[in-house]
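S.K.: Pasting the sequence and the predicted coordinates here, then a few questions.
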Amino acid sequence: MRALVITASNRAAAGVYEDSSGRLLAELLAAAGCEVDGPVVVPDGAPVEEALRSGVAGGYDVIVTTGGTGLTPADLTPEMTARVLDREIPGIAEAIRQANREKVPASILSRGLAGQAGSTLVVNLPGSSGGVRDGMAVLAPVLRHAVDQIRGGDHPR
């Protein structure tokens, strides 16, 4: 599986600090069996949509974003993702929000989406290292099956 990591962060894109969540996400996707490109670090907003569209056009099996899913006015990753998706897969996003809810009650404030754009699985994760770990703990076990299903595969018997 070919995967692309996109980090949505105004500050990391401006060089204010180094992108650590994108690097962690790339490592976790590789551990899940993906051939990973990125992280591509972009400011939140229209550059996220552009990076997503480029990744879908590039034929990636999965694109996972980190950052931009919160409630601040600059957090626009879900809106940009919605413009690219052909259909949502709400169960993934819901499970990610619930994954560590007892320890991190604010996890339910994430507005991340998951869905299908063409033949690419797209998933938004929060911008924190903990959010990336929790999200990948949900995504990794279903990743190969989800990609197979998007490609038209049958359910395993």
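M.R.: Right, received. Where do you want to start? Numbering: from 1, shown residues only.
S.K.: ok, and what's touching stretch 21-39?
M.R.: With contact meaning CB atoms under 8 Å, 6 or more residues apart in numbering, stretch 21-39 is reached by 1-7, 12, 19, 41, 60-62, 64, 66-67, 125, 127-129, 131-133, 136, 139-140, 143-144. C-betas here are computed from N, CA, C, even on glycine.
S.K.: Swap in 6 Å and give it another go.
M.R.: 1-5, 7, 19, 64, 66, 127, 129, 132, 136, 140, 143 (CB atoms under 6 Å, 6 or more residues apart in numbering).
S.K.: of those, buried ones?
M.R.: Buried members of those, counted by 16 or more other CB atoms under 10 Å: 1-5, 7, 19, 64, 66, 127, 132, 136, 143.
S.K.: Report the residue spans of this structure with pLDDT below the cut-off.
M.R.: 156-157 (pLDDT under 70).
S.K.: Could you name the helices and strands sitting against the helix or strand encompassing Pro47?
M.R.: Per DSSP states H and E: Pro47 is located in helix 46-57. Counting contacts by 3 or more CB pairs under 6 Å, 6 or more residues apart in numbering; DSSP states H and E, helix 46-57 is packed against strand 2-8, strand 35-42, helix 77-84.
S.K.: buried residues in that helix?
M.R.: Pro47, Val48, Glu49, Ala51, Leu52, Gly55, Val56.
S.K.: who does the helix or strand following that helix pair up with?
M.R.: Going down the chain from helix 46-57, the next helix or strand is strand 62-66, by DSSP H and E. In the sheet, strand 62-66 lines up against strand 2-8 (parallel), strand 120-125 (parallel) (DSSP bridges).
S.K.: could I get these as TSV with distance to Arg97?
M.R.: Shown next, in TSV, are the strands paired with strand 62-66 (distance: least, CB to CB, whole Å):
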stretch	distance to Arg97
strand 2-8	18
strand 120-125	11
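S.K.: Nearest to Ile108, out of these?
M.R.: strand 120-125 (14.4 Å; CB to CB).
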